[in-house]
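>>> What follows is a predicted protein model with its sequence.
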Amino acid sequence: DAARGGVPGRNFKAKMLLACQTARGVRAASGLLRPMTATVAAQPRRFYQAPQKEMDFVVNEAYNLQEHYKSLPTQNGPTTDAETVRFTVGAMADWAESVLVPLNESADRVGCVQKGPNEVVTPPGFKEAYAQFVEGGWSGLSLPEKWGGQGLPQSLSILTSEVVATANWTWAMFPGLSRGAINTVLAHGSEELKEKYLPKLVTGEWTGTMCLTEPQCGSDLAQVRTKAVPSENGTYKVSGTKIFISAGEHDMADNIMHCVLARLPDAPEGTRGISLFLVPKRKVDDKGAISKDINGVSIGRIEEKMGCHGSPTCEINFDNAEGYLIGTPNRGLNHMFTFINTSRLGTAIQGVAAAELAFQNSLWYAKDRLAMRSLSGDKNPDGPADPIIVHPDVRRMLLTMKAFSEGGRSMIYECALLQDQLTEAEQNGNKAAVKSIDDRMGFLTPILKGFLTEVGVESASLGVQVYGGHGYIKSNKQEQNLRDVRIAPVWEGTTGIQALDLLARKVMLQKLKPFHTHASEMYSFCWSVAAEGGGTNLRRHALICLAKTLEWQYLTYRLAAKATVGGDRDSIGVASVPYLMYSGYVQMAFHWLKMEVAAERALSDPKNALHDEDFYKSKVQTANFYYENLLPSTKSLTTKMLAPTSSIMDMKPEHFSFDHAL
């Protein structure tokens, strides 16, 4: 729209409105999507509803998104007003609730079906939903207008992706992986490669994948064996087998672009000899026409998995498939980290989504389920028992899920705003700012990915627990949430790998610089809140957060000294996961303090508040719950990270068992 002299986003709004209006009709068409019956309509609590008030509070009251957007002229930020943001999130919420939510349970039950080496059928309704997504222009929401996107701020896309992820995680993986492929080609591809492949990737007509893992290597990519042999025409013949490739084959798009790690013939050993290639499922000629013939790519099998049944996890065989070099030879792993970091942030969103879904599914049940009487006296004297929400342990579980989902959302949004700033700096050619922001995001990403996925699994497990035996029954949906999110702490680098990345690479190797940059912001904010005070617990929470930040810094120095001065390198491995989780709890405390400040501000000035008084009181109470019940977990984590290395490393492998694995 801006290129045509119009208001940025006007055409986008029209598309969104059209998509929402047509969504309900498509739901019922041919039984592809479950129709919203009268019974279902009367019980929306059983289905995910986008927490738009919560999202609005974080972006507009905790973060002041509109002021932030004024600093993003190259992303149409100044013209992306609060109305546009609310409209966009609301349109996505309406569409996701109407279309994606009903598909989630059926996709888990039906799964994907492989019918041949190049034919995988996705669950009923997935293909039709994706067509609507593409038609609505969602795929290019925050991508450059030059390549067919809407050119809006990066953060807006992250806001809507949370809604999609919570509504139907396995469906969300398809456009999510494509976004990683797009970011990788944008950052490292040649202009020729961009011209040929980006337009249809940006619109969503084609999708993308990330091909790293091989049968003999998972996270240890130094063992990659896939080969790429140069051809006379400047392309490469790629041969090898990749496994665990999400969305590796499907029926939702005409073509699939595989981002493949492989070795050139003269490449050195290890990770320094890996290059990155774009390998299309079907070749594309210079005019953009797709060949009818398959480009040497075939599917060996799709995996039978614990969860995420709606997404096909493929073994892909490349047999002299024609590929194109992305970036510089032997720098492929460095380039692929653009994709990996996109996916890690997406996986952190998966953790928040699982916590939100567990909370929503549990809350209505806890209000309706009657069991036993309250310890403090009958709360439902006319009924046979009290609702279980009156029992302290049930409340503890509900508040834990609520605190993790809302706190995690704020942590995600912080990185979303940093992504806006990074994109703006890149567009302006400000290399110093790019380096500074990238280092900051590099420090935060393993915390988000590791911590938020772990507490997402914890929340999903609590969601089952709230239901008791009924949580173990498929029809109540809680067990699917747990099965689907259990992969989150595993893929895109396990929690252990994220922890080593954080402590060894981002802290130790960078001589604590990213840590100091982040901690200085925390110190400044906590001091200002403590000095100003106000509210019931603000000053106390600010001082606690300040003390935890100081302790975090002290522990970081102590671990660094133990590994370097003391020469105990294994101590980093012993301490890394507790250190990551400790970092996550302290970081979330910082975010709850931010939200508590925003809530207290609104309570003191109700005329300018966006929500009612009870909403803000709930925020203050949840912050207090977090500080009193969840943040104390750092005490045991401190003990674990300082535990003697010998307590873990002294036992000989042959002494782990004298009965098995001999």
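Right, received. Where do you want to start? Residues are numbered from 1 along each chain as shown.
>>> got the phi/psi numbers for residue 120?
Phi and psi for residue 120, reported as degrees, to the nearest 10, are phi -130, psi 130.
>>> And what about the nearest residue to it once chain neighbours are set aside, helix, strand or coil?
Nearest in space to residue 120, with sequence neighbours left out and distances taken as Cβ to Cβ, 6 or more residues apart in numbering, is residue 249 at 4.2 Å. The C-beta positions use only the backbone N, C-alpha and C, and glycine is treated the same way. Three-state call for residue 249 (DSSP: H, G, I helix; E, B strand; the rest coil): coil.
>>> how far away is residue 249 from residue 106?
20 Å (Cβ to Cβ, to the nearest Å).
>>> So between the two, which is more surrounded?
Applying other Cβ atoms under 10 Å to residue 249 and residue 106 shows that residue 249 carries more neighbours, namely 25 against 17.
>>> what pLDDT does the more buried one get?
Looking at residue 249, its pLDDT reads 98.
>>> Need the pLDDT of residue 535.
So, for residue 535, pLDDT stands at 77.
>>> Tell me how many other residues surround residue 207.
25.
>>> right, I mislabeled it, should have said residue 334
As a measure of burial, residue 334 has 15 neighbours, counting by other Cβ under 10 Å.
>>> just checking, next helix/strand downstream of the host helix or strand of it?
Using DSSP states H and E, residue 334 sits in helix 332-368. Next along the chain after helix 332-368, taking DSSP H and E as the criterion, comes helix 392-427.
>>> for the residue nearest to residue 120, what are its contacts?
By Cβ atoms under 8 Å, 6 or more residues apart in numbering, the residues touching residue 249 are 114, 118-120, 256, 281, 299, 302, 312, 314, 316.
>>> circling back to that earlier point, same for the helix holding residue 334, what does it pack against?
Counting contacts by 3 or more Cβ pairs under 8 Å, 6 or more residues apart in numbering; DSSP states H and E, helix 332-368 is packed against helix 154-167, helix 169-188, strand 206-211, strand 255-262, strand 275-280, helix 392-427, helix 431-467, helix 478-485.
>>> In TSV: these, plus distance to residue 573.
Shown next, in TSV, are the helices and strands packed on helix 332-368 (distance: least, Cβ to Cβ, whole Å):
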stretch	distance to residue 573
helix 154-167	31
helix 169-188	29
strand 206-211	27
strand 255-262	26
strand 275-280	29
helix 392-427	25
helix 431-467	15
helix 478-485	26
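>>> will you turn the ones you listed into a markdown table that also has mean pLDDT and distance to residue 76?
Shown next, in a markdown table, are the helices and strands packed on helix 332-368 (pLDDT from 0 to 100; distance: least, Cβ to Cβ, whole Å):
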| stretch | mean pLDDT | distance to residue 76 |
| --- | --- | --- |
| helix 154-167 | 97 | 10 |
| helix 169-188 | 97 | 17 |
| strand 206-211 | 98 | 25 |
| strand 255-262 | 98 | 27 |
| strand 275-280 | 98 | 28 |
| helix 392-427 | 97 | 11 |
| helix 431-467 | 96 | 20 |
| helix 478-485 | 97 | 34 |
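>>> Tell me which of these sits nearest to residue 78.
Closest approach to residue 78 among the helices and strands packed on helix 332-368 (Cβ to Cβ): helix 392-427, 11.8 Å.
>>> got the angle between that closest one and helix 169-188?
20 degrees (axes from the mean of the first three to the mean of the last three Cα atoms, to 10 degrees).
>>> quick one: pLDDT of residue 47?
The model's pLDDT for residue 47 equals 78.
>>> these two touch, right, it and residue 97?
Yes - with contact defined as Cβ atoms under 8 Å, residue 47 reaches residue 97; the gap is 7.0 Å.
>>> For residue 626, find the nearest of the helices and strands packed on helix 332-368.
Closest of these to residue 626 is helix 392-427, at 4.6 Å (criterion: Cβ to Cβ).
>>> Low-confidence stretches in the stretch 451-600 of the chain?
The model of the stretch 451-600 of the chain has no residue with pLDDT under 70.
>>> Would you mind saying which of the helices and strands packed on helix 332-368 lies nearest residue 242?
Residue 242 lies closest to strand 206-211 among these, at 4.2 Å (Cβ to Cβ).
>>> for residue 378, phi and psi?
Dihedral angles (degrees, to the nearest 10) for residue 378: phi -60, psi 130.
>>> Would you quantify the distance from the nearest residue to it once chain neighbours are set aside to residue 591?
Counting by Cβ to Cβ, 6+ apart, the nearest residue to residue 378 once its immediate chain neighbours are dropped is residue 386, at 6.5 Å. As judged by Cβ to Cβ, residue 386 and residue 591 stand 34 Å apart.
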